[in-house]
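S.K.: Give me a 3D structure for the following:
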Amino acid sequence: MTKEWIKVFFAAFFEVFWVIGLKHADGPWEWTGTAIAIAISFYALIAAGNKLPVGTVYAVFVGLGTAGTVLSEILFFGEPIKAAKLVLILVLLIGVIGLKLVTDETEGERS
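M.R.: Numbering: from 1, shown residues only. Purely as a prediction, here's the structure:
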């Protein structure tokens with residue numbers, strides 16, 4: 001795994017925080033944390049997109065962020081666990097992993 005893919009995973013990790021922040025933030029400290037998470041997330045996403053194919057980077061970012069957000073809601077905020085939801089997250093992650101595996105990492109550098 002290259003340094004650029006680590007940036008994508010880092011961006012997706014912080015995406016989970018800002019998405020949860022958009023839903024649950026009540027006070028100025030939570031909103032400040034949400035804004036910081038947005039800035040970190042998009043900075044890492046843009047940095048990775050400079051070297052990797054943007055379409056694949058964005059798909060992986062959104063897929064991992066979505067899976068992380070749904071799992072966080074289940075684990076930390078009492079969202080009901082539904083088998084269908086877990087199966088669909090698994091399918092989403094399989095698609096994300098598949099996109100990463102078939103992406104030529106030099107493709108983004110040519111543009």
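S.K.: going forward, measure contacts between C-alpha atoms and count neighbours the same way
M.R.: Noted.
S.K.: The top helix by length along the chain packs against which elements?
M.R.: In the chain, taking DSSP state H as the definition, the longest helix is helix 54-77. Using 3 or more C-alpha pairs under 8 Å, 6 or more residues apart in numbering; DSSP states H and E, the elements in contact with helix 54-77 are helix 3-24, helix 28-49, helix 83-102.
S.K.: which stretch among the ones you listed comes nearest residue 65?
M.R.: With C-alpha to C-alpha, the closest approach to residue 65 among the helices and strands packed on helix 54-77 belongs to helix 3-24: 4.8 Å.
S.K.: Pull out the buried residues from that closest one.
M.R.: 4-5, 7-21 (16 or more other C-alpha atoms under 10 Å).
S.K.: same question, stretch 24-40
M.R.: Buried residues in stretch 24-40 (16+ other C-alpha under 10 Å): 25, 31, 34, 35, 37, 38, 39, 40.
S.K.: Name the nearest residue to the second one, sequence neighbours excluded.
M.R.: With C-alpha to C-alpha, 6 or more residues apart in numbering as the measure, residue 25 is the residue that lies nearest to residue 31, at 5.7 Å, once sequence neighbours are left out.
S.K.: Lovely, talk soon.
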